[in-house]
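Visitor: Fold the following and give me the result.
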Amino acid sequence: MSPVRRCSRTACGRPAVATLTYVYADSTAVLGPLATYAEPHCYDLCAEHSERLTAPRGWEVVRFADGSAPSRPSGDDLEALANAVREAARPQERAAQSGGGNARGADPMEVGRRGHLRVLRSPDS
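Guide: Purely as a prediction, here's the structure:
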């Protein structure tokens, strides 16, 4: 079986990107991001079929936007990254002032490290 789920529409072989669920009690069709796993009473739809979806007369269509789509970094994201880099550089500055140097003897370009973040020396210096 293919790990990629396919559109539920007949004769459509495109990959599914959205899941359609009918709420009969409310006469509502709910279209949202692709569900984590296939449900028996839900329908997976490709991008084209999910855009062209219409509901029966008297029904309402509710579309949930996919929050997992890549978005541009905000100012807060960039500021957080800059703060993390500054924080990673601080312990090495204190070690250098006390005469410790690079205790690991690892990469000579590495100035500081915190977790998986590294601060590297400029190639010009």
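Visitor: all helices for this structure, in order.
Guide: 47-51, 75-97 (DSSP state H).
Visitor: got any ranges where the chain has weak pLDDT?
Guide: 1-2, 66-73, 91-109, 125 (pLDDT under 70).
Visitor: Can you list phi and psi of Trp59 for me?
Guide: For Trp59, the backbone dihedrals (degrees, to the nearest 10) come out as phi -100, psi 160.
Visitor: Now for the nearest residue to it once chain neighbours are set aside: which residues touch it?
Guide: Setting aside the residues directly before and after it, Trp59 is nearest to Ser27 in space (CB to CB, 6 or more residues apart in numbering), at 4.7 Å. For the C-beta atoms, the positions are set from N, CA and C on the backbone; glycine is no exception. Taking CB atoms under 8 Å, 6 or more residues apart in numbering as the contact definition, Ser27 lies against Gly58, Trp59, Glu60.
Visitor: likewise Ala18?
Guide: Listed by CB under 8 Å, 6+ apart, the contact partners of Ala18 are Leu31, Gly32, Pro33, Leu34, Asp44, Leu45, Ala47, Ser50, Asp66.
Visitor: so can I have CSV of the residues you listed showing distance to Gly112 and neighbour count?
Guide: Below are these laid out as CSV (distance: CB to CB, whole Å; neighbours: other CB atoms under 10 Å):
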residue, distance to Gly112, neighbour count
Leu31, 48, 19
Gly32, 43, 16
Pro33, 39, 14
Leu34, 41, 17
Asp44, 47, 21
Leu45, 49, 24
Ala47, 44, 13
Ser50, 47, 20
Asp66, 38, 11
